[in-house]
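Novice: need a structure here:
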Amino acid sequence: MKSKFTVKKYFSDRIFIIFTLSLVIFFFFLGFNFSNPTNSDWLTTGDLISYQDGWNFFKNDDWRFPIGALPNYGIDVGNSIVYADIIPFFAILFKIFKNLLFFNFQYFSIWILISIFLQLFISYLIFFKFTKNFNYSLLGSFFFALAPVFLYRFGIHIALASHWLILLSIYIETIEKNKNLYRNLNIIFSITVHFSLTIIILMFHYFFKLDEFLLKKNKYNFFLDGLILFVFSIFIMYLIGYFEIPAQDGLGGGYGYFSFNLNGFFNPVNRFHNEKISWSLFLPILKYTKGHYEGFSYLGLSGILFLFLFLVSFFIKKNGFIFKKKKMIIISLFFFLLAISNNVYYSDKLIFSYGLNNYLYGILGIIRASGRLIWPVYYLIFFTGIIFIYRNFNSKNSFLILFFLLFVQIVDLSPGFKEIFNGKIYLEGNKLKDSIWNIIPNHYNTVRILERTNTSDLYFKMPDYLGRNGFKKTDIFNAARVNRVKLEEGTYKTTKKISNKITDSNAVYLSNKIQHARYLKYIFQNDSNYHFYFRDGIWILTDKKIIEKNNNDLNKFNELKAKFIHFNKKESMQFNLNDSYQGLGWKKTPDGIISVGYLSSLLFSLDQNKCKKKNYLNLNFKLDDNLHAKDYFGINIFVNKKLANKLNLKEKQKNLFQIEIECSSEEFLIEFEILNPLSLRENKKHLNAQKLGFEITDIELIN
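Specialist: Prediction:
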């Protein structure tokens, strides 16, 4: 007996078919191993490390208000689940059920599956609205689920792969009922996924809202609706942690650098883990500049045909547009021009550029990676080309043509599919191997670093370690944005404490920089309470003995000798920061090094046999007029912890000062206590909050 036909069953059957196809694509690319929510081993490279670490710190922390606050993953920098890039909606949802989850649970594979399904389903809905043909619409949706611009993001920014939110924006503009409600819900939900997508969706929706406003001249509804959306958006943003940092710190540099290249639609190359891969079997790799990976948007051979049909559609009546021709022109040009930015490149050649007002550049800093704004144009090209074929051929022929074009597209993109098949896109990171890393969590709940940054190279040397091992706090982290002032102040506090032989209770200190290890040895070597270990290329400082030292620990500790300085030989300070005289508190410049913060130090040894009663360390220095508005700059100089000199440096005085060195020890620690360092931010010239002092260009020890 045949089952009775109902619209509900008809619709559910189609969803089932699309979901089944989504599962096939999901397992094809992610593999059965990495698709397991209890397996986080694939989240161990690049930004993927921070996803699982950020989620673990959030999951294991107490509930706070705002809900998305994440203060222990980046101590005192105002971090939140927004800036940890861990898909706030899922982070909050799964934290509610954290007591029911496995220890290593990750939800990122679940999000990937949902994204693939919605990418297929929403594109299918759009095609079906204009064709009323299930088979053709389903076939067309495959172009979207297999789009390189979509799949590529799963390897570097999982949240940003939620392109279905852009497709949903397009779909909403094709419906009539409750359009404003769906627009607003889409915007608000996108805020809980990734703000880059919110920016795109806001631009897209408000183009249509403004068009309706101008046509209907209904100012009341336009402004009231905008006010309601604004209030709800601000509330959601506050709740999940957008305002844990100041508004100006939400701005990022990069507009004009992370942009779309004019060859972007035809260039099949992009990077995974710093390795170039090609997405085309037929087209050659074209040149581009470094930041243009954000504008990666290869169309594929069939997509290039759709681009041609997209352009043709502007000149013929029977086109493939889903919106009116005028709207398509304005939308496409708007996103295209913003994506290109003010620096227009073709290949690796700058065609032309134009300056931007500082305030305008600051606003565009919210966009930062403008290359992503090409995504709406990218998808409109595919919608137009596929619908164009359906409108200009009968149902059977259009299906056969599209089937052939899908086959061509898959063949052309096969090199890219091969590179990401079965989880190959997720390389296993270099995990810590020594047994000491399993012992440290038994003694300490906090992991600290000497000089903080939101992109510490040390962080990437220890993937999935911090979050997985139950630490409560760390300032070794990775975040998209931070409170720049607090970030720098935290380093200054740590520098001062370490200089005074003070460490935080329940904290272990790590460093992979030899000059920092030398400094720590000088400070703590005579204190029997402190112990040094060197494991997996990382120096470990503890305030108690946690394990017996092995020969490697002892040998490496003995090798930590202050760098030797020769008499009467001038040395440029344009040297490698990782193996030189610096202790803490410096930043490299084109001409040398500049002091950062309130305390900077140099550490060196000299030849005692050549040492005379009085020796002098000559330092050539300069002050930056952009930083020092006052007519003096104060420094207290300490030699081996004893005050040696007090200086008020005049801007016009001779750019050389001497420090007297007596042959009283094998190693010399020179500390500069800077009394009034300033930052470009304090001088209202930049967002950089580093307090900079004086720059050393060269150094010479004379006798």
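
Novice: Tell me how the protein divides into domains.
Specialist: Following automatic domain parsing, one gets these domains for the chain: 10-33+111-175+245-280+288-423, 176-244, 436-559, 571-702.

Novice: Go through stretch 397-409 and flag the buried ones.
Specialist: Across stretch 397-409, burial judged by 16 or more other CB atoms under 10 Å covers 398, 399, 402, 405, 406, 409. C-betas here are computed from N, CA, C, even on glycine.

Novice: actually stretch 664-679, not the one I typed
Specialist: Within stretch 664-679, the residues scored as buried using 16+ other CB under 10 Å are 667, 668, 669, 670, 671, 672, 673, 674, 677, 678, 679.

Novice: ok, and the closest non-adjacent residue to the first one?
Specialist: In space, residue 667 comes closest to residue 562 once its chain neighbours are excluded; the distance is 4.5 Å by CB to CB, 6 or more residues apart in numbering.

Novice: The fourth one now?
Specialist: Counting by CB to CB, 6+ apart, residue 602 is the residue found nearest to residue 670 once chain neighbours are left out, at 4.4 Å.

Novice: Thought residue 581 was touching that neighbour, still the case?
Specialist: Yes - if you go by CB atoms under 8 Å, residue 602 and residue 581 touch, sitting 4.8 Å apart.

Novice: shared neighbours, the two?
Specialist: Residues touching both residue 602 and residue 581 (CB atoms under 8 Å, 6 or more residues apart in numbering): residue 699.

Novice: Please report the number of neighbouring residues for residue 529.
Specialist: The tally of other residues near residue 529 (other CB atoms under 10 Å) stands at 11.

Novice: how would you label it: helix, strand or coil?
Specialist: When classified by DSSP: H, G, I helix; E, B strand; the rest coil, residue 529 comes out as coil.

Novice: go on, residue 552?
Specialist: At residue 552 the chain is in helix, as set by three-state DSSP.

Novice: you'd agree residue 591 is in a strand?
Specialist: No - counting by three-state DSSP, residue 591 is not part of a strand but coil.

Novice: ok, now how distant is it from residue 289?
Specialist: If you measure residue 591 against residue 289 using CB to CB, to the nearest Å, the figure is 26 Å.

Novice: And for residue 558?
Specialist: Distance of residue 558 to residue 289, computed by CB to CB: 46 Å.

Novice: more neighbours, the two?
Specialist: Shown here are residue 558 and residue 289; by other CB under 10 Å, residue 289 has more neighbours (15 against 9).

Novice: who are the neighbours in contact with that one?
Specialist: By CB under 8 Å, 6+ apart, the contact set of residue 289 is 261, 345, 348.

Novice: Just among those, which is most surrounded?
Specialist: When neighbours are counted by other CB under 10 Å, residue 261 leads the contacts of residue 289 with 28 neighbours.

Novice: Tell me where the stretch 301-450 of the chain has strands.
Specialist: Remark: strands assigned in the stretch 301-450 of the chain by DSSP state E, counting those that start in this stretch are 343-346, 349-353, 446-449.

Novice: show me what contacts the spatially most central residue of the chain?
Specialist: The residue lying closest to the centre of the chain (CA atoms, centre = their mean) is residue 480, at 4.6 Å. Residue 480 is in contact with 82, 83, 84, 85, 252, 454, counting by CB under 8 Å, 6+ apart.

Novice: Can you read off the backbone torsions of the fourth one?
Specialist: With angles defined as degrees, to the nearest 10, residue 85 shows backbone torsions of phi 60, psi 40.

Novice: That one touches residue 51, doesn't it?
Specialist: Yes - counting by CB under 8 Å, residue 85 touches residue 51, with 6.4 Å between them.

Novice: neighbour-wise, which of those two wins?
Specialist: residue 51 (27 against 21).

Novice: before we move on, which element is that one in?
Specialist: In this structure, residue 51 sits in helix 48-60 according to DSSP states H and E.

Novice: what does stretch 167-183 rub up against?
Specialist: Taking CB under 8 Å, 6+ apart as the rule, stretch 167-183 contacts 118-119, 122-123, 125-126, 129-130, 144, 186, 200-201, 204-205, 208-209, 225, 322-323, 376, 379-380, 383.

Novice: swap the cut-off to 7 Å and go again
Specialist: Defining contact as CB atoms under 7 Å, 6 or more residues apart in numbering, one finds that stretch 167-183 is touched by 119, 122-123, 125-126, 129, 186, 201, 204-205, 208, 225, 322-323, 379.

Novice: ditto for stretch 562-576
Specialist: With contacts defined as CB under 7 Å, 6+ apart, stretch 562-576 is touched by 518, 580-581, 591-593, 603-607, 610, 667, 696-703.

Novice: any weak-confidence spans in the stretch 551-700 of the chain?
Specialist: The model of the stretch 551-700 of the chain has pLDDT under 70 over residues 574-579, 624-632, 649-654.

Novice: burial measure for the residue nearest to residue 667, as a count.
Specialist: Counted with other CB under 10 Å, residues neighbouring residue 562 total 21.

Novice: same question, residue 394
Specialist: Around residue 394 there are 8 residues (other CB under 10 Å).

Novice: quick one: residue 233 and residue 191 touch, right?
Specialist: Yes - using CB atoms under 7 Å, residue 233 makes contact with residue 191 at a distance of 6.2 Å.

Novice: Between the two, tell me which one has more neighbours.
Specialist: With neighbours defined as other CB under 10 Å, residue 233 and residue 191 compare such that residue 191 has more, 23 against 18.

Novice: Tell me how far the more buried one lies from residue 323.
Specialist: Noted for residue 191: a distance of 25 Å to residue 323, by CB to CB.

Novice: Can you list the buried residues in the biggest strand by length in the chain?
Specialist: Looking across the chain with DSSP state E, the single longest strand is strand 692-702. Buried residues in strand 692-702, defined by neighbour count with 16+ other CB under 10 Å: 692, 693, 694, 695, 696, 697, 698, 699, 700, 701.

Novice: Could you look up the SS state of the residue nearest to the fourth one when sequence neighbours are not counted?
Specialist: Looking back up the chat, that one is residue 695. What sits nearest to residue 695 in space, not counting adjacent residues and going by CB to CB, 6+ apart, is residue 594, at 4.2 Å. Recorded secondary structure, residue 594: strand (three-state DSSP).

Novice: bridging residues for residue 594?
Specialist: According to DSSP bridges, the residues that bridge with residue 594 are residue 587, residue 695.

Novice: where does the chain have low pLDDT?
Specialist: Applying pLDDT under 70 to the chain flags the ranges 1-11, 217-220, 429, 574-579, 624-632, 649-654.

Novice: rewinding a little: columns distance to residue 158 on top of the contacts of residue 289, output as TSV?
Specialist: Listed next are these as TSV, based on distance: CB to CB, whole Å:
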residue	distance to residue 158
261	24
345	28
348	30
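
Novice: sorry, back to before: for burial, what's the neighbour tally of the residue nearest to residue 695?
Specialist: Residue 594 is flanked by 25 other residues according to other CB under 10 Å.

Novice: quick one, what contacts the nearest residue to residue 307 once chain neighbours are set aside?
Specialist: Leaving out its chain neighbours, the residue that sits closest to residue 307 by CB to CB, 6+ apart is residue 381, at 5.2 Å. By CB under 7 Å, 6+ apart, residue 381 lies in contact with 299, 303, 306, 307, 310.

Novice: 6 Å instead, please
Specialist: Neighbouring residues of residue 381 by CB atoms under 6 Å, 6 or more residues apart in numbering: 306, 307, 310.

Novice: In ChimeraX, select just the buried ones from the residues you listed.
Specialist: A single ChimeraX command selects the buried members of the contacts of residue 381 (16+ other CB under 10 Å):
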select :306,307,310
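
Novice: could you say what helices and strands the helix or strand harbouring residue 24 packs with?
Specialist: Secondary structure from DSSP H and E places residue 24 in helix 7-34. For helix 7-34, the elements it packs on are helix 108-131, judged by 3 or more CB pairs under 6 Å, 6 or more residues apart in numbering; DSSP states H and E.

Novice: If you count neighbours, what's buried in the helix it packs on?
Specialist: So for helix 108-131, counting by 16+ other CB under 10 Å, buried means 108-128, 130-131.

Novice: Sweet, I'm off.
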